[in-house]
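# Turn this into a model:
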Amino acid sequence: MKKIYPNILVFACGEPEWGEGGSGFETMVKATRTDPPILKAWICGAISNHCGGGIAEKAEKLRVDFMCWEGPFKAKGYQNFMRYYNADFAMLSGWDWPVDGLEANRVVNIHPASLNYSDPTRHFGGKGFHGIRVHEKVLEAYKKGLIRQTAVTMHFVPPYSKSKYDTGPIIASIPVEIKEDDTPVVLQDRVKTVEHYRQSRVLNELIHGRVRLIDGRVEYETEELKRRLMPVAEKI
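Predicted structure coming up:
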């Protein structure tokens, strides 16, 4: 039977405790079920390295096929999962493991801060930059006057390199306000709200060909779409 919409396979760690983590995954699935759908896709499966954690619980409630994968996180494993689910795209939504063996234009990551490959003072990604640590580092830079805002970033994911983490052509960089009295937890919650709203909408543009990776560069169908997805993030 011909597919109506593209298949998206979600990789998300979540948390080992039942019910914890996986809010981004849950929001994406619900975005495919609005009328009309915000995300015109089929979430064909969810993969987590926690066999009984929040992703597993949410997948069960949402009736999405779930598989536990405890590694090793090598190219063959990723390729086998994509083949098994007949997935057109892989969405990394809180996935902390290296990805290899897949074409960059089929793999998207969402990161809860700005990524700036040319300016280390405005780059909040790399090895160890996940969870609350990201927001701690963002607030440190803010208090030093190095940045004025943070961001939600979505980017294509090139094959794994030991020397590089959180790299790949940037699809969207959405600024997020930082307030004077923010704590890392408060900032994390504000960023997460933006993540949940934007993730499905940006992904929808990509899977339907309005954003494409061509010769290592991100191309947008229109300038207006580019402005929406890449507002002047370096007011950050």
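# Can you work out which other helices and strands pack against the longest helix seen in the chain?
The residue-count maximum for a helix in the chain (DSSP state H) belongs to helix 184-207. Here helix 184-207 touches helix 23-31, strand 89-92, strand 107-111, helix 132-143, strand 149-156, strand 170-177, strand 211-214, helix 223-229, going by 3 or more CB pairs under 8 Å, 6 or more residues apart in numbering; DSSP states H and E. The C-beta positions use only the backbone N, C-alpha and C, and glycine is treated the same way.
# Give me the distance between the fourth one and the centre of its chain.
So the one you mean is helix 132-143. 19 Å (CA atoms, centre = their mean, to the nearest Å).
# As a markdown table, the helices and strands packed on helix 184-207 with distance to residue 117 would be great.
Putting the helices and strands packed on helix 184-207 into a markdown table (distance: least, CB to CB, whole Å) gives the following:
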| stretch | distance to residue 117 |
| --- | --- |
| helix 23-31 | 24 |
| strand 89-92 | 18 |
| strand 107-111 | 12 |
| helix 132-143 | 16 |
| strand 149-156 | 10 |
| strand 170-177 | 8 |
| strand 211-214 | 16 |
| helix 223-229 | 17 |
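# pLDDT weak spots in the protein?
In the predicted model of the chain, residues 1-3, 18-19, 161-166, 232-236 satisfy pLDDT under 70.
# Now mean neighbour count and distance to residue 69 too, for the helices and strands packed on helix 184-207, in TSV please.
Listed next are these as TSV, based on neighbours: other CB atoms under 10 Å; distance: least, CB to CB, whole Å:
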stretch	mean neighbour count	distance to residue 69
helix 23-31	21	15
strand 89-92	23	13
strand 107-111	23	16
helix 132-143	18	24
strand 149-156	24	22
strand 170-177	20	25
strand 211-214	17	26
helix 223-229	13	31
